[in-house]
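[1] Starting from these lines, generate the structure:
(2 chains)
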Protein chains: 2
Amino acid sequence: MKETIAALRALERKNYAYTYAQSLITYDAETGAPAESAAGRAEAVEVLSRAQFDLLTDPALDALLDRADEAAGNEQEHAEVRELRRMLSRIRPIPADEYAAFERLTQESVAAWAKAKKAGDFSLFAPCLEKLVEGRRRQAEQIAPGRDPYETLLDQYEPGLTVERCDAFFATVRGAVVPLLEAVQARGSAVRTDFLDQEWPVEGQRALAQKIMKLWGLDPERCVLAESEHPFTDGFNTSDVRITTHYMPRDVLSSLYSVAHEGGHALYELHVDPALNYTVLAGGASMGLHESQSRLFENMVGRSKGCIHLLWPTLNTLFHNQLGGVTEEEFYRAANRAEPGLIRTEADELTYCLHILVRYELEKALMHGELTVADLPAAWNEKYREYLGLDVPDDARGVLQDIHWAWGNFGYFPSYALGSAYAAQAVDSLQKTIDFDAMYEAGDLGPLRDALTDRLWRYGNLKETGWLVESLCGGPFDPKYYISYLKKKYTELYCL
Amino acid sequence: MKETIAALRALERKNYAYTYAQSLITYDAETGAPAESAAGRAEAVEVLSRAQFDLLTDPALDALLDRADEAAGNEQEHAEVRELRRMLSRIRPIPADEYAAFERLTQESVAAWAKAKKAGDFSLFAPCLEKLVEGRRRQAEQIAPGRDPYETLLDQYEPGLTVERCDAFFATVRGAVVPLLEAVQARGSAVRTDFLDQEWPVEGQRALAQKIMKLWGLDPERCVLAESEHPFTDGFNTSDVRITTHYMPRDVLSSLYSVAHEGGHALYELHVDPALNYTVLAGGASMGLHESQSRLFENMVGRSKGCIHLLWPTLNTLFHNQLGGVTEEEFYRAANRAEPGLIRTEADELTYCLHILVRYELEKALMHGELTVADLPAAWNEKYREYLGLDVPDDARGVLQDIHWAWGNFGYFPSYALGSAYAAQAVDSLQKTIDFDAMYEAGDLGPLRDALTDRLWRYGNLKETGWLVESLCGGPFDPKYYISYLKKKYTELYCL
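    Sure, this is the predicted structure:
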C-alpha cells in the first residue's frame, strides 16, 4: 500500500519538475530574457512539454492509479488520484506531437505578440493567433468530442462552469452595471482626477510596492517582486512565489493596484498547506477562485477607505510634491473613480466586467468558428464602442493589450469577472465576523488572512471547486452580492 | 544516412533542453529567486538531471552513435559523435541515483553557502562541502578508476590537462610573480589609490556597465545584464546570453571589471557559429579557453591605457564629483595597481594567479584526501599568509568567498590562470596584425572581435581543445608570453 502511494508521489514529483521548469522559462521570458531569445526557449519547451506528456500518457499509469485508488488511506491521497485522473483526461486525447507543437507555439506567439504590441501592428501576431485558435479548438474537440469547444476550455479554468451559466452571469452583471455606469457618467464631475496625470517617480513607486507587500503580509523570503510588461503571478511552491508589476511614470495607481492584485494571488499560493507541495494538489484551485483573491485584495481591501487611510502617510512621504493640495478623500475617490477606459488592467471596478464581457464574447465566437482572426480587431473595436462608448485608437490599446491569447489561454477571462463576484460575496460574509475598520486601524490584515486561509487558501486543490467556492462565500454562490456591492459603493461615491 | 543524423540531432536537442532548464534554474537562483526557494528548486533539479542522465545512458545510444559515425558526412557531424562519446564516458560510469542526488546536492549547497557567507560561519556550509568533496571524488573514481581523481576533474574543464602540467605551469608563474610582486611592493607608493574608497552612486555604475557592454559590442537584443552576489555568465544559445554583476557602492572598479570580464565570456558565446546551436558542439570549448576571453577583455583590453582613455569622458560625466582632481593617468594606474588583497574577483593581474594557486593546492589536497573539510579554513588562511602576506579576518572574506565549490566545481580554478596565460600569448600574436591603439582611438573593437571570431569563437566545440588553444595563441602554448607580459607591464607601471 505504502509503495503504491510512494510510486504515485514519485510521478507527481516528476510532473512538478516539468511544470516548474516550463513555468520558470515562461516567467524568465517576461522578466529577464533578451528580446531575441524566443527561438531557443521554444526548442526547450517543446522537448520538456513532450517529456511531461510522455510521463502522463504512459499506459502503465492506469494500473498505478487503480491501485492507488484502493490504497488511498486519507482525503489527500484520494484527491491526488482524482486530480491526476482529471489531468490525464485533458492530456491523453491529444496526439503527442500536437501537444508539444502547441506548447512550442505559445513560446513563439508570446514573442510575436510582444513585437506586434510594440509596433501596434496586429498583422505581426495574426498568423500565430490563427494557429492558437485552431490548435485549442482541435484540442477541445479531442478532449470532449461533440461538446461546445469553448465550454471545454472554460471548464479547464473553472471546473463545472458552462456557457449557459456564464451567459446568465454576464447578463445579470451587464444588466446592473450599464445603468449604474450611465448614472455615474451623468454625475462624473463629482470626482477630481486632475492630479493623477503627472510625473510619479518610479523609485517612489518601487517603495510603495514594497509597502503594499509588507502590509499584505507577503513573506519577503518566499515571495519576490519583479518587473514585466504585463503583471502576473507564478507560484512554484509555498516557498517560492513570484509577482510582477509594471511601473508607469505618469500613473501611480497602475502599479499600486497591480501589486495589490498580484499580491492577492501570491497570498493564496503561499498559504496552501505545504504538505501538498510537489503533488498535483499544490497551488490555488480554479482560476475563478484565484482571481477572487486577487480582486478581493485589489478592490475590496486596496481601494477601501480604511486601507487608503492606512497608506496615506506613506503616500505623502513618497510623493510629497505630487500630493500637495490633494486630500485623502480626493485620493480615495480618484482610486475608485468609474470611467470607461481602453485598458482592462487599469479599469475601475464598475467598468471592469464590461472589458471581460468583450473578451468573453469574442473568444467564444472565435472558438465557435463565428469570428475569424482577420475580423477580430474590427469586432473588438465595435464592442468597445458598444459597451464602453470608446473609439479604440490603435490595436496596441485594443485587441493586442492582453497576453492571455498569446499564451494560448482561451476561456480564462471569465475567471476575472466570476472571481470579482466570489470576492464580493466572501467579503459580505466575512464582515459578519471580522471588523474590517478595526483591522485597518491596527494596520494588521492578519484576521483577514487567517479567515481566508481557513475558508480557502490551505486547501489548494484538495477539495472540489464547488465546495471551495461555497466555503469561501459562506454559502451557495449568488451574483446578487456582487451587484449590491457595486450599487452600494457607486451610489455612495457618486451620491446617486 | 540522413535519418541517422536526424536521430542524433533529436537526441542532442533533448540534451540541450535539459541543460537549458537546469542552467536557467541555476541562473534564476542567483539573480531573482526568493531566499527560501532552494528546496523546491532541488526537487526539480533532481528530476531533470535524472531525466537527462537517463537520456544519455540509454543503451540504444551506442548503436546510434556507431551508425552516426559511419553516416557522418562532414566535420560537424563527426565532431558531434566525438563530443557525445566524450560526454557519455563521463556520465555513464556514475550510478543514476548518485548522479541525480549530486545535482540536487549542488542546489542545496549553494543555498547553504550563501547563508554561511552572509553569516561568516563556515560550519553552516561544511556538511554540504564534505558531501560535495566525497561525491566528486567518488565520481572521478567511477569515471577513471585508478587515475588521480583531481586530474579526472581537471580534464573535464580543460581536456588534456594533467596535474603534472598544471604543477609545472604554476611553478613557472609563481617563480616570476613572487619576485615581481616584491619589487612592486617595495615601490608601492608610486600609485595613488586614495580616491577609490568613496561613494560611487550605483546608478552611475549601471550606466557605466551599459557603456562597457556597448563598447565590447554585445548585442542588447541577445545579451542582457542582471545582478547577482557573484558575477557570472550563462550562455544558453547564440541568441540568449546572460551576464551578471554586483554593484559595490564604495568600489567602482569591482563592477566595471566584472562586466568587462563577463562581457568577454559573453562575446565568445555570442559568436559561436549558430549552426552549432542545440547540438553538443554549442558554446565555448574548454573553461581555460573561456577564461582566456574573459581575462583578455577584462585585463588586456579593459585595463589598457587606450581603453581607459576611451572611457575617460564617460567616467567623468557619470562621476564628475568623484573624479574631480584625479587625472586619467592616475585612474589608469589605480585600475592596474598591484596589491595583495583578500578577494580573488577584485585582485589585480599580478596577484591574481596567487589567489588561484591557493585554490588549486587546496582542492587538489581535498581530492587527494590529504586535507579534510574541517581543516580547510585554517589551511586557506595559512596559504593567504604565505602567498599574499595577509591575515584573513573572517571566512566570508576567506574560504567562503567563491561559489565554485558549492556548485560542485573542483578543478575549475586553474582555468582562470591558464586562461590569463592563453590571453597574453594571443594578444602578443594579435598585435602583429591589429593596431590596438588605432582601434581604441576609433572607439571600435571590431577588428579584435573579428580576429577572435576567426581564431576561436566561431568554432564552439567543433575542434579539439589543443587545436583551439594553438589557433588562439598563434602557435604552441608557452607561458613565457604571460610572464613577459606581466614583467613588461609592471616594470613600466612601477618604474622598476
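[2] Tally up the residues packed near the closest residue to residue A:53 other than its chain neighbours, please.
    Across the structure, with CB to CB, 6 or more residues apart in numbering or on different chains as the measure, the residue nearest residue A:53 apart from its sequence neighbours is residue A:99 (4.9 Å). For glycine as for every other residue, the C-beta is placed from the backbone atoms N, C-alpha and C. One way to gauge burial is a neighbour count; for residue A:99, by other CB atoms under 10 Å in any protein chain shown, it gives 24.
[3] From residue A:485, how far off is residue A:99?
    With the distance defined as CB to CB, to the nearest Å, residue A:99 ends up 41 Å from residue A:485.
[4] again with residue A:15
    Residue A:15 sits at a distance of 39 Å from residue A:485 (criterion: CB to CB).
[5] Same question for residue A:463.
    As for residue A:463, its distance to residue A:485 is 25 Å (criterion: CB to CB).
[6] higher neighbour count, these two?
    Set side by side, residue A:463 and residue A:485 give different neighbour counts by other CB under 10 Å, the larger being at residue A:485 (20 against 17).
[7] Tell me who's in contact with that one.
    Applying CB atoms under 8 Å, 6 or more residues apart in numbering or on different chains to residue A:485 gives the contacts A:424, A:427-428.
[8] What does the pLDDT read for it?
    Predicted confidence (pLDDT) at residue A:485: the value is 97.
[9] what's next to stretch A:461-471, contact-wise?
    When contacts are taken as CB under 8 Å, 6+ apart, the neighbours of stretch A:461-471 outside the stretch itself are A:75-76, A:79, A:83, A:158-160, A:273, A:276, A:280-286, A:288-289, A:422, A:455-456, A:459, A:476-477.
[10] so how far is it off the chain centroid?
    Averaging C-alpha positions (CA atoms, centre = their mean, to the nearest Å) puts stretch A:461-471 18 Å from its chain's average.
[11] in it, what counts as buried?
    Judged by neighbour count using 16 or more other CB atoms under 10 Å in any protein chain shown, the buried positions of stretch A:461-471 are A:461-465, A:468-469, A:471.
[12] what mean pLDDT would you report for it?
    Over the span of stretch A:461-471, the pLDDT mean works out to 97.
[13] quick check, distance from the host helix or strand of residue A:294 to the centre of its chain.
    Residue A:294 is part of helix A:287-295, with elements assigned from DSSP states H and E. In terms of CA atoms, centre = their mean, the centre of helix A:287-295 is set 6 Å apart from its chain centre.
[14] do stretch A:149-158 as well
    Distance, stretch centre to chain centre, for stretch A:149-158: 15 Å (CA atoms, centre = their mean).
[15] who touches it?
    Here stretch A:149-158 has contacts from A:90, A:136-137, A:140-141, A:143-144, A:161-163, A:166, A:286-288, A:363-364, A:367-368, A:409-412, A:414-415, A:418, A:465, using CB under 8 Å, 6+ apart.
[16] hmm, try it at 7 Å
    When contacts are taken as CB atoms under 7 Å, 6 or more residues apart in numbering or on different chains, the neighbours of stretch A:149-158 outside the stretch itself are A:90, A:136-137, A:140-141, A:143-144, A:161-163, A:166, A:286-288, A:364, A:367-368, A:410-412, A:414-415, A:418, A:465.
[17] Check stretch A:432-440 too.
    Here stretch A:432-440 has contacts from A:306-307, A:309-310, A:445, A:447-448, A:451, using CB under 7 Å, 6+ apart.
[18] rerun at 10 Å
    Taking CB atoms under 10 Å, 6 or more residues apart in numbering or on different chains as the criterion, the residues outside stretch A:432-440 that touch it are A:215, A:300-301, A:304-311, A:427, A:430, A:441-442, A:444-448, A:450-451, A:474.
[19] Please list the members of the residues you listed that lie in helices.
    A:215, A:305-311, A:427, A:430, A:441-442, A:446-448, A:450-451 (DSSP state H).
[20] dump the residue contacts of the spatially most central residue of chain A.
    By CA atoms, centre = their mean, the mean C-alpha position of chain A lies nearest to residue A:291, the distance being 4.8 Å. Contacts for residue A:291 (CB under 10 Å, 6+ apart) come out as A:157-158, A:261, A:264-265, A:268, A:284, A:298, A:356, A:412-423.
[21] picking up where we left off before, out of the ones in helices among the contacts of stretch A:432-440, which end up buried?
    Taking 16+ other CB under 10 Å as the criterion, what is buried in the ones in helices among the contacts of stretch A:432-440 is A:215, A:305, A:307-311, A:427, A:430, A:447-448, A:451.
[22] Output these in a markdown table; the columns should cover distance to residue A:10 and pLDDT.
    As requested, those are exported to a markdown table (distance: CB to CB, whole Å; pLDDT from 0 to 100):
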| residue | distance to residue A:10 | pLDDT |
| --- | --- | --- |
| A:215 | 40 | 98 |
| A:305 | 51 | 97 |
| A:307 | 45 | 98 |
| A:308 | 49 | 98 |
| A:309 | 52 | 98 |
| A:310 | 47 | 98 |
| A:311 | 47 | 98 |
| A:427 | 41 | 98 |
| A:430 | 40 | 98 |
| A:447 | 40 | 98 |
| A:448 | 38 | 98 |
| A:451 | 36 | 98 |
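[23] Out of these, flag the one nearest to chain B.
    Distance from chain B was checked for each of those by CB to the nearest CB. The minimum falls on residue A:215, at 18.4 Å.
[24] Hmm, the closest one is touching residue A:260, no?
    Yes: with the criterion set as CB atoms under 10 Å, residue A:215 and residue A:260 qualify as a contacting pair; they are 9.3 Å apart.
[25] so what sits against both of those two?
    When contacts are counted by CB under 10 Å, 6+ apart, the set common to residue A:215 and residue A:260 consists of A:301-302, A:307.
[26] Let me know the pLDDT of residue A:188.
    Among the per-residue scores, residue A:188 shows a pLDDT of 63.
[27] what does residue A:125 give?
    The score at residue A:125 is 98. That number is its pLDDT.
[28] now residue A:421: how far from residue B:416?
    Taken as CB to CB, the spacing of residue A:421 relative to residue B:416 amounts to 61 Å.
[29] neighbour-wise, which of these two wins?
    Taking neighbours as other CB under 10 Å, residue A:421 and residue B:416 compare with residue A:421 leading, 27 against 24.
[30] Please consider this matter closed, and thank you.
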